[in-house]
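**Q** A predicted structure for the sequence below; I have some questions about it.
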Amino acid sequence: MFTECYCTQFRRSANALTSIYDDALRPVGLKITQLTLLRGLDRLGSATYNEIASELALDKTTISRNIRLLIDAGWVDVSSDDDARYKLATLSPAGTRMLKEAEPYWRAAQTQVEKELKKYLKGPAKAALLEALETLQQVGSDR
């Protein structure tokens, strides 16, 4: 159903994108939310929950809940500090292997999305789309 509300359209699109990536990652037993956390940790190297939340533009409660699943799977190691604000999370060797194993499945989803977008975006569509999305993210985080 059509609506001119950008927020509604973006939320619907986000749900559809999540399904595409989740379906592609199913063979390795990951969801896109988990892969996003693993990739964020890979970029950061070692980080507190607050740093991870900032890197991924998510609230700390979401990070705490989702990172617990990655710890339980053995993909993330966390320091033993009692204060969660100072716990450092890092990818475990198993987490690094999972990232490598998931890469071709993520790439397949990425290619599928790009193929669909090329129908509507001409020229350097990927760069323009990413710039527009990053701008919207910045506007939202400035509030």
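**A** Received, thanks.

**Q** quick one: low-confidence parts of this protein?
**A** For the chain, applying pLDDT under 70 flags the ranges 1, 81-85, 122-126, 140, 142-143.

**Q** try 90
**A** 1-4, 6-11, 13, 49-50, 53-66, 79-87, 113-143 (pLDDT under 90).

**Q** Please identify which helix or strand holds the residue sitting nearest the centre point of it.
**A** For the chain, residue 36 is the residue whose C-alpha lies nearest the centre (CA atoms, centre = their mean; 2.8 Å). When elements are assigned from DSSP states H and E, residue 36 belongs to helix 32-44.

**Q** Identify each buried residue in whatever helix or strand comes next after that helix, please.
**A** Reading on from helix 32-44 to the C-terminus, the next helix or strand found by DSSP H and E is strand 46-48. Buried residues in strand 46-48, counted by 16 or more other CB atoms under 10 Å: 47-48. (Each C-beta comes from the backbone N, C-alpha and C, glycine too.)

**Q** who touches strand 46-48?
**A** 40-41, 55, 85-90 (CB atoms under 8 Å, 6 or more residues apart in numbering).

**Q** If any of these are buried, give me the PyMOL selection for them.
**A** Buried members of these, defined by 16+ other CB under 10 Å, are picked up in PyMOL with:
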select buried, resi 40+41+55+87+88+89+90
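
**Q** how about the helices in this protein?
**A** In the chain, the segments counted as helices under DSSP state H are 6-25, 32-44, 49-56, 60-72, 93-118, 125-141.

**Q** quick one, which of these is packed in tightest?
**A** Here the criterion is mean neighbour count by mean count of other CB atoms under 10 Å, and of the helices of the chain the winner is helix 32-44, at a mean of 20.

**Q** Now it - C-alpha only, CSV.
**A** What follows is helix 32-44, C-alpha atoms only, in CSV (Å, rounded to 0.1, in the frame of the first residue of the first chain):
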residue,chain,number,x,y,z
ILE,A,32,21.9,-9.5,9.7
THR,A,33,21.8,-8.0,13.1
GLN,A,34,24.4,-10.4,14.4
LEU,A,35,26.6,-10.0,11.3
THR,A,36,26.4,-6.2,11.8
LEU,A,37,27.6,-6.5,15.3
LEU,A,38,30.5,-8.9,14.3
ARG,A,39,31.5,-6.5,11.5
GLY,A,40,31.4,-3.5,13.8
LEU,A,41,33.6,-5.3,16.3
ASP,A,42,35.9,-6.2,13.5
ARG,A,43,36.3,-2.6,12.5
LEU,A,44,36.7,-1.4,16.1
